[in-house]
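[1] Sharing a sequence plus its predicted fold:
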Amino acid sequence: MTSVYLDGYSFDLRRRNSDWSYVERKMPRVADWATDIRFVHQHSRSVMLRANYKAARAAIGRRIGLPISRRAADTDRLDAAELARSGCDLVFSHREFPLNAGDIPVVWMSAIVDPEMEQTYFGLSQAEMDENLSVKGDLFHRAAAVQVCSDAEAGRHARLFPDIADRFIPVPLFGPHLRAAEETILEKHRAPRNLKILFIGNQARRKGLPEALEAYISLPAAVRKSTTFTIVSSFDRGAVPIPASPDIEFHRGLPQNQVLALLARAHILINPAHHESYGMVFLEAMSQGTLCIGPDWEVQRELFDYGRAGVNVRCQVPLIRESMTRAIEDEPWRTALATSGWHRFNERYAPAVVAEQYAKLFRAVAVQRT
């Protein structure tokens, strides 16, 4: 049995924070498939209070207009006494790097995010990029292993840090809630009476809803007829005006089961995000046989098998309109990509597949300690 100490905390002010929920809610479920892995949660009140204080301070800073730093992750501390009592073989951290783990190895889930995307979206200078590289590089050297989420990221990090190239281990994001629909789901693409286009994203502006809506509205009437554009968003950090039209629907946030039900009925998911570090929604869509039109960044290119299982497009209205038009009109092309996406999900991103990759990583790190 390999025991993993989860460097998280029991309560977070940002209840929808994906990094927090990943450690607290998703990672323990790896054991549903990999039964030789045991997880121990960190319960320290001091860690929880410190993390929430930092989150509150950042939220207040955004509200009063203070500039937001894009520096690489700083260091943090876990509860070393609690870790020692746990008897765990290793630490898994998806926060800032825990410096006080002692001789217990740390698997750090972190990365230098796609530099092209960061520079395009945030306008970072080369000096800022170099600082991120320096800070994270020092921390990568402290980790027993660094989990990145794609082969492309692993290769880029290995080139940046050739002396520790073997520490960068690609493991996709784990979605224990995901279940592939039966292959018959793909029949929905054959001559649908009403072709359903779906946008899902709480931070709608960052996810590209304004551009996707403009592209849809500007479609020729002959293309747009017999289609429906459905939007699911809570409009975090800025609302987007939605035109009143019988073929445009809006849902202000939905529970996960209802989102998956919409994906099962949808033909096209359109999320051409300006900035997207991963995109669990794409895996959800692929599992339901829905064609994804997503951003043209490093990770999403790999998710879509470089154009064989989805469409990558920059968040520009003419490019989105072109991809949307073809997806609506070219049924064989849409069906082929959706089919490839469904197969790719089953082969690479299904929970059982990813859980075994995590288990393999944890076993290997635990052996290093002995």
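    Okay, I see it.
[2] The helix or strand of the chain with the lowest mean pLDDT pairs with which strands?
    Ranked by mean pLDDT, DSSP states H and E, the helix or strand of the chain with the weakest confidence is strand 75-76, at a mean of 76. Looking at strand 75-76 with DSSP bridges, its partner strands are strand 97-98 (parallel).
[3] Direction included, what does the helix or strand just after the partner strand pair up with?
    Next along the chain after strand 97-98, taking DSSP states H and E as the criterion, comes strand 106-109. Under the criterion DSSP bridges, strand 106-109 sits next to strand 90-93 (parallel), strand 145-148 (parallel) in its sheet.
[4] Not counting strand 106-109 itself, show me its contacts.
    4, 90-94, 97-98, 139-140, 142-147, 361-362, 365 (CB atoms under 8 Å, 6 or more residues apart in numbering). Backbone N, C-alpha and C define where each C-beta goes, glycine included.
[5] wouldn't Arg38 be in contact with Val4 here?
    Yes: in this structure, Arg38 is within contact of Val4 by CB atoms under 8 Å, at 6.9 Å.
[6] any weak-confidence spans in this structure?
    66-74, 369-370 (pLDDT under 70).
[7] could you pull out the strands for it?
    Ranges of strands within the chain are 2-7, 37-41, 75-76, 90-93, 97-98, 106-109, 145-148, 168-170, 195-200, 227-232, 248-251, 268-270, 291-295, 311-313, based on DSSP state E.
[8] that older thread, and the contacts of strand 106-109, which of them are buried?
    Neighbour-count burial (16 or more other CB atoms under 10 Å) applied to these gives 4, 90-94, 97-98, 139-140, 143-147, 361-362, 365.
[9] Who are the contact partners of Trp20?
    Gly8, Tyr9, Asp12, Arg14.
[10] mind giving me the domain ranges of this protein?
    What the record gives for the chain is the domain set 2-176+351-369, 183-349, from automatic domain parsing.
[11] Just name the most buried of these.
    Highest mean neighbour count of those: domain 183-349, a mean of 19 (counted as mean count of other CB atoms under 10 Å).
[12] what's the span of stretch 293-310, first residue to last?
    Length of stretch 293-310, first residue to last, CA to CA, to the nearest Å: 6 Å.
[13] What of stretch 156-165?
    Terminal residues of stretch 156-165 are spaced 9 Å apart (CA to CA).
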